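Enquirer: Generate a structure from the sequence data that follows.
(one chain, ligands or ions: 1)
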Amino acid sequence: MKELTHYINGAHVKGQSGRFADVMNPATGEVQARVPLANSEELAFAVDVAADAQPGWAATNPQRRARVLMKFVALLNRDMDKLAEALSREHGKTFPDAKGDVQRGLEVVEYCIGAPQLLKGEYSDGAGPGIDIYSMRQPLGVSAGITPFNFPAMIPMWMFAPAIACGNAFILKPSERDPSVPVMLAELMEEAGLPKGILQVVNGDKEAVDAILHHPTIQSVGFVGSTPIAEYIYATGCAQGKRVQCFGGAKNHMIIMPDADMDQAADALVGAGYGAAGERCMAISVAVPVGDKTADALIEKLVPRIEKLKVGPYTAGDDVDYGPVVTAAAKANIERLVQTGVDQGAKLVVDGRGFSLQGYENGFFIGPHLFDHVTPDMDIYKTEIFGPVLSTVRAQNYEEALKLAMDHEYGNGTAIFTRDGDAARDFASRVNVGMIGVNVPIPVPLAYHTFGGWKKSVFGDLNQHGPDAFRFYTRTKTVTARWPSGIKDGGEFHFKAMD
Ligand code: NAD
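Expert: Modelled structure (predicted):
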């Protein structure tokens, strides 16, 4: 059995704890490797290495740091196919989708090449007689990130690229389900010129996470994953005095107004609902047509599109629309939730139950499901299913549709499909959700804007990437300086205006 490693101090390091997790091939259902699960000593060793390396990196001027990222972008492009293949093999997503995973991370790396500009401080010349005030952004020291299985390239890069551009050392604890690509990324960063110890990968589960949360040297923790774990990490990390940002689960609604182009809306829903087998935090999992006529027209357009979806292994290349879900447990949980939908009275318009793929009978494939007449009290509406299951909740008017999105506990993304600019404007302005699409089903902002939801989809103050990332990974220091006259006038005992 292939044994994966950590990546510590510039080298592949075998696990010492004696604990391992199986890494599956979701398409075949076979165990393809085992990944070591670090204990607190292994984590502490990586932190010591990081703490030794970080001051030298922080003292490296920002344009030199940016040059490493420039080279890294070239290496990502060079190795794109290799990275995507390794990613698909462990995650199960299609090969083109795996490339997209790398690409959306790469774009944040490109943005971080602007670090010299983004890290510029502020300066007030002559704030008082002979007095200048300036502020600078300094790195935090050692930062850590804990990432989910569903974007094993993109989300690690969203964290480590800005952290490292700002002069921090970074310890990544990736998902134990698909840990190979994160290690490949760390190797490529070193090939690009990053000094040893600035980016390390420590594999593990809750034990490694708890070691991160309680290690006094680690200054900040970034987390992306499910909401219960996000809440735990936010509360524990903050109690330990760390700066923490946690991004959690989602239940994204798409409102379809009566004036929407139904073909366009149906195409958008199929891609956003079933792409990556629904394992995206920005997937649309609830369609909200406004009015029964709209709902009937939408269902009529959706059904043939959904029935045509091709489900298969990543090795089929462009020829599949989505692949298997990540584990047998995820598959069982999705099937359980589908059954609750049927039991609680939702109408299963497209029934993907019992799906099997010849030659891949043990893979974790799930056929596409479409529910109609879902109501807000049902489990399939309340819970994040994270599978190829789209629920339709019929709203009688726009206000009712808006209220649905607003009353749901999650607030990651949402979309409205309409030709009416007034409705779109009103929706974008009033809805209490972090990322809004207007005739765009998956409104993931590009690298130079920030990414983050509201409500139970986020814990913390600053978003991912964009300017917020440079705030999260730096501390502001403000210097008030007086040169040289007046310095010998004696002490001052009271705050006074600088006049
Ligand atoms: P998860 O919460 O199970 O795992 C995320 C990370 O937390 C992993 O590294 C895992 O090892 C660790 N972890 C798991 N259990 C833990 C525990 N008890 N204590 C400490 N650490 C623990 O999430 P997942 O299944 O890998 O990812 C899917 C979830 O991530 C979905 O809910 C999805 O919506 C969410 N997600 C959110 C965003 C966002 O930006 N809001 C983006 C991607 C995924």
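Enquirer: C-alpha from now on. contacts and neighbour counts both.
Expert: Will do.
Enquirer: near the ligand, which residues of the stretch 201-350 of the chain?
Expert: With C-alpha under 6 Å from any ligand atom as the criterion, the stretch 201-350 of the chain comes near the ligand at residues D205, K206, V209, V224, G225, S226, I229, F247, G248, G249, A250, C281.
Enquirer: Please name the bridge partners of the fourth one.
Expert: Which is V224. Counting by DSSP bridges, V224 forms beta bridges with F247.
Enquirer: In contact with it, which residues?
Expert: I146, T147, P148, I155, A230, C246, F247, G248 (C-alpha atoms under 8 Å, 6 or more residues apart in numbering).
Enquirer: mind checking how far the second one is from D321?
Expert: Using C-alpha to C-alpha, to the nearest Å, T147 is found at 25 Å from D321.
Enquirer: neighbour-wise, which of the residues of the stretch 201-350 of the chain next to the ligand leads?
Expert: Greatest neighbour count in those, by other C-alpha atoms under 10 Å, goes to A250: 31 neighbours.
Enquirer: which SSE is the closest residue to V325 other than its chain neighbours in?
Expert: Distances taken as C-alpha to C-alpha, 6 or more residues apart in numbering place F364 nearest to V325, at 5.5 Å, with adjacent residues excluded. Under the criterion DSSP states H and E, no helix or strand holds F364.
Enquirer: tell me the phi and psi of F364?
Expert: Main-chain torsions, F364, degrees, to the nearest 10: phi -100, psi 50.
Enquirer: Tell me how many other residues surround it.
Expert: Residues near F364, counting by other C-alpha under 10 Å, number 25.
Enquirer: what's the distance between it and C246?
Expert: Applying C-alpha to C-alpha, the value for F364 to C246 is 28 Å.
Enquirer: Next: H214.
Expert: Distance of H214 to C246, computed by C-alpha to C-alpha: 16 Å.
Enquirer: Tell me which of these two has more neighbours.
Expert: Each of H214 and C246 has its neighbours counted (other C-alpha under 10 Å); C246 has more, 28 against 17.
Enquirer: Could you point out the helix or strand that follows the strand or helix carrying G100?
Expert: Using DSSP H and E, G100 maps to helix 95-112. Heading C-terminal from helix 95-112, the first helix or strand you meet, by DSSP H and E, is helix 115-118.
Enquirer: Could I get the average pLDDT for that following helix?
Expert: Mean pLDDT, computed over helix 115-118, is 97.
Enquirer: Which elements pack onto that helix?
Expert: Judged by 3 or more C-alpha pairs under 8 Å, 6 or more residues apart in numbering; DSSP states H and E, helix 115-118 is in contact with helix 62-78.
Enquirer: moving C-terminal of the helix it packs on, what's the next helix or strand?
Expert: Per DSSP H and E, the first helix or strand lying C-terminal to helix 62-78 is helix 80-91.
Enquirer: So which bits of the host helix or strand of D48 are buried?
Expert: For D48, the host element (DSSP H and E) is helix 40-58. If you call a residue buried by 16 or more other C-alpha atoms under 10 Å, then helix 40-58 has these buried ones: 40, 42-44, 46-47, 49-51, 53-55, 57-58.
Enquirer: could these be laid out in JSON lines, adding distance to F386 and pLDDT?
Expert: Below are these laid out as JSON lines (distance: C-alpha to C-alpha, whole Å; pLDDT from 0 to 100):
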{"residue": "S40", "distance to F386": "31", "pLDDT": "98"}
{"residue": "E42", "distance to F386": "32", "pLDDT": "98"}
{"residue": "L43", "distance to F386": "31", "pLDDT": "98"}
{"residue": "A44", "distance to F386": "34", "pLDDT": "98"}
{"residue": "A46", "distance to F386": "33", "pLDDT": "98"}
{"residue": "V47", "distance to F386": "34", "pLDDT": "98"}
{"residue": "V49", "distance to F386": "37", "pLDDT": "98"}
{"residue": "A50", "distance to F386": "35", "pLDDT": "99"}
{"residue": "A51", "distance to F386": "38", "pLDDT": "98"}
{"residue": "A53", "distance to F386": "39", "pLDDT": "98"}
{"residue": "Q54", "distance to F386": "38", "pLDDT": "98"}
{"residue": "P55", "distance to F386": "41", "pLDDT": "98"}
{"residue": "W57", "distance to F386": "39", "pLDDT": "98"}
{"residue": "A58", "distance to F386": "40", "pLDDT": "98"}
